[in-house]
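Novice: Predicted model, plus sequence, below.
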Amino acid sequence: MSDKDILVRAENVSKKFCRDLKKSLWYGVKDSAKDLVGGASISDSTSVSLREGEFWANQGITFEVKRGQCLGLIGGNGAGKTTLLKMLNGLIKPDVGVIQMRGRVGALIALGAGFNPVLTGRENVYVNGSILGMSKRETSNRLDEIVEFAGLRDFIDTPVKNYSSGMQVRLGFSTAVILMHPDVLILDEVLAVGDVGFRNRCYKKISSLMSNAAVILVSHSMENISQCANSVGVMQKGRFELFGEVSVGVEAYNRAVAQDHQGCSVSSKDAKSLQYPVSSAEVILESSVVEYGGELKVRVLLNTQDVFAGAEMFFTAFDVSQRPVMCWSSTRNGIEFELLEGTQEILFSVEPLHLHDGVYSWSLVIGRRKTIDRPVSISAGGNFEVLSGARPLNSAPYLPLAKCFKVSPLSV
């Protein structure tokens with residue numbers, strides 16, 4: 001591809017904010033005055049000193065996105081993803097560096113952004129068309145396609161303030177991609193709200209757009225990133241920790257999440273949720289590396305304050321895209337067990353382990369049959385690795401039988 005196909009270019013882009021409101025307003029006045037008198041642009045953030053209360057929201061960001069490419073941006077909350085998107089869309093300007101955008105930019109960054117909540121969905125589409133310089137006839141020619149794609153035919157004349165979050169995203173996405181025909185499409189977590197049918201339509205639309213456009217997608221769903229992106233940037237504390245292939249980036253992100261969760265206290269809501277009668281829970285894998293067709297042995301240590309009858313257990317493995325690829329369940333062999341008061345050990349094994357080569361994260365849930373009680377729920381509890389040359393024939397999850405299941409009380 002030639003340089004003409006580069007639709008997005010960011011060179012050493014950095015943005016700083018101030019934690020204190022009063023200081024932020026004062027700094028803003030001073031910076032605006034400097035811009036009015038023609039202050040020189042700065043290309044290197046290392047030559048810029050932070051004033052009192054300031055911090056870097058983005059620092060040293062450099063990348064290119066060409067026509068036909070989709071860049072996925074991933075990272076934890078507060079990593080700087082949305083700030084970067086706002087700079088790319090022109091909502092805020094970088095303090096350091098240069099951003100170049102070619103062509104028409106369509107962005108869906110904030111839920112309901114660009115919509116007047118008092119106006120109906122139809123009226124908002126026409127307003128957006130006017131802002132884009134389109135005539136009423138041009139907007140009308142595309143209105144049916146927008147409404148059909150969004151699936152809002154029965155609600156298009158309803159005020160947007162009465163829309164659910166999913167309905168707002170559907171209308172916003174449809175307007176951005178159909179009304180604008182953008183050269184650059186910027187999406188921030190929009191696929192997380194819609195239903196499965198709408199997400200599938202979005203995937204197809206993004207794929208069709210990518211032949212003539214560049215797409216930048218922010219998502220916490222590794223499945224969305226893996227399905228849409230052909231390159232990925234892993235962000236942490238406003239910087240790119242890694243930039244490259246999707247599989248490598250997603251695996252690095254999952255490893256970082258698993259490491260953050262390991263060593264969390266029992267009260268950590270992100271990784272572990274415990275309810276009465278379980279007061280503590282620990283899951284130990286005998287080995288973190290298992291051969292294909294081998295045995296994954298799992299040990300669960302529990303401390304319960306009362307008897308918990310009719311218990312069942314689920315152990316699920318997720319691939320690097322966070323898709324469930326294996327679900328072990330004690331109910332598959334009709335096993336029903338009871339948690340006794342005190343300390344006890346649960347031993348079970350997943351065998352044969354028919355997963356292809358790679359690193360997997362796991363979750364474990366203990367519940368009561370035919371109820372929604374879940375005294376133990378551990379998500380992203382850790383990782384294990386499978387060594388194999390086998391490849392899956394399809395994406396159907398592996399459902400092993402419950403073998404070697406044993407519950408034993410332990411002396412205190």
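Specialist: Ah, there it is.

Novice: When you work out contacts or count neighbours from here on, use the C-alpha atoms and nothing else.
Specialist: Will do.

Novice: Enumerate the positions of stretch 352-370 that are buried.
Specialist: 353-357, 359-368 (16 or more other C-alpha atoms under 10 Å).

Novice: Likewise for stretch 158-178?
Specialist: 158-161, 163, 166-178.

Novice: Show only the entries of these found in helices.
Specialist: 166-174 (DSSP state H).

Novice: Turn those residues into TSV, including pLDDT and distance to T62.
Specialist: As requested, those are arranged in TSV below (pLDDT from 0 to 100; distance: C-alpha to C-alpha, whole Å):
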residue	pLDDT	distance to T62
G166	83	33
M167	88	35
Q168	87	32
V169	83	29
R170	86	31
L171	88	32
G172	85	29
F173	83	27
S174	86	30
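
Novice: Out of those, flag the one nearest to V215.
Specialist: The shortest approach to V215 among these belongs to F173, at 13.0 Å (C-alpha to C-alpha).

Novice: Next, work out how far apart the closest one and F149 are.
Specialist: Here the criterion is C-alpha to C-alpha, to the nearest Å. By it, F173 lies 9 Å from F149.

Novice: likewise A214?
Specialist: Taking C-alpha to C-alpha, one finds A214 at 21 Å from F149.

Novice: which of the two has more neighbours?
Specialist: Neighbours were counted for A214 and for F149 using other C-alpha atoms under 10 Å; A214 has more, 27 against 20.

Novice: Surely the more buried one and D183 touch.
Specialist: Yes: look at A214 against D183 with C-alpha atoms under 8 Å: they come within range, at 6.3 Å.

Novice: Name the residues contacting each of these two.
Specialist: Taking C-alpha atoms under 8 Å, 6 or more residues apart in numbering as the criterion, A214 and D183 both touch L7.

Novice: Just the ones of the buried residues of stretch 352-370 in strands?
Specialist: With DSSP state E as the criterion, strands contain 359-368 from among the buried residues of stretch 352-370.

Novice: Would you reformat the residues you listed as a markdown table and include pLDDT and distance to C327?
Specialist: What follows is these, written out as a markdown table (pLDDT from 0 to 100; distance: C-alpha to C-alpha, whole Å):
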| residue | pLDDT | distance to C327 |
| --- | --- | --- |
| V359 | 86 | 16 |
| Y360 | 89 | 12 |
| S361 | 88 | 12 |
| W362 | 92 | 10 |
| S363 | 91 | 10 |
| L364 | 92 | 10 |
| V365 | 91 | 11 |
| I366 | 92 | 13 |
| G367 | 88 | 15 |
| R368 | 86 | 17 |
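
Novice: Just give me the closest of the residues you listed to V8.
Specialist: V359 (32.8 Å).

Novice: Ramachandran angles for the closest residue to P375 other than its chain neighbours?
Specialist: Spatial nearest neighbour of P375, excluding adjacent residues (C-alpha to C-alpha, 6 or more residues apart in numbering): Q275 at 4.3 Å. Phi and psi for Q275, reported as degrees, to the nearest 10, are phi -130, psi 160.

Novice: how close does Q275 sit to S226?
Specialist: Distance from Q275 to S226, by C-alpha to C-alpha: 34 Å.

Novice: more crowded one of those two?
Specialist: A side-by-side neighbour count of Q275 and S226, using other C-alpha under 10 Å, places S226 first with 19 against 13.

Novice: Regarding that one, what is its secondary structure?
Specialist: Assigned by DSSP: H, G, I helix; E, B strand; the rest coil, the conformation of S226 is helix.

Novice: surely it meets S247?
Specialist: Yes: between S226 and S247 a contact is recorded at 7.4 Å, counting by C-alpha under 8 Å.

Novice: anything in contact with each of those two?
Specialist: With C-alpha under 8 Å, 6+ apart as the test, S226 and S247 reach no residue in common.

Novice: What segments of the stretch 201-350 of the chain are helices?
Specialist: Here the stretch 201-350 of the chain has its helices, by DSSP state H, counting those that start in this stretch, at 222-228, 246-261.

Novice: before we move on, back to that, looking at the buried residues of stretch 352-370, point me to the pair that's furthest apart.
Specialist: Top of the distance list for these (C-alpha to C-alpha): D357 and R368, 33.7 Å.

Novice: okay if I get the helices of the stretch 201-350 of the chain as a markdown table plus distance to L85 and mean pLDDT?
Specialist: Below are the helices of the stretch 201-350 of the chain laid out as a markdown table (distance: least, C-alpha to C-alpha, whole Å; pLDDT from 0 to 100):
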| stretch | distance to L85 | mean pLDDT |
| --- | --- | --- |
| helix 222-228 | 16 | 77 |
| helix 246-261 | 19 | 73 |
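
Novice: mind listing what the nearest residue to S280 once chain neighbours are set aside touches?
Specialist: Once flanking residues are discounted, S280 sits nearest to N303: 5.2 Å by C-alpha to C-alpha, 6+ apart. Contacts for N303 (C-alpha under 8 Å, 6+ apart) come out as 278-281, 341-344.

Novice: Out of those, flag the one nearest to V98.
Specialist: Distances from V98 to these, taken as C-alpha to C-alpha, are shortest for A281 (50.5 Å).

Novice: who's in contact with that closest one?
Specialist: 266, 274, 300-303, 376.

Novice: Pick out the lowest-pLDDT one from these.
Specialist: Least confident by pLDDT among the contacts of A281: that is V266, with 34.

Novice: Can you report how many residues neighbour the closest residue to K161 other than its chain neighbours?
Specialist: Nearest residue to K161, sequence neighbours excluded (C-alpha to C-alpha, 6+ apart): P117, at 4.5 Å. P117 has 15 neighbouring residues, counting by other C-alpha under 10 Å.

Novice: E148 now?
Specialist: Other residues lying near E148 total 12 when counted by other C-alpha under 10 Å.

Novice: Give me the contacts around the host helix or strand of it.
Specialist: Taking DSSP states H and E as the criterion, E148 maps to helix 136-150. Here helix 136-150 makes contact (C-alpha under 8 Å, 6+ apart) with 125-126, 129-130, 153, 156, 167, 170-171, 173-175, 178-179, 198, 201.
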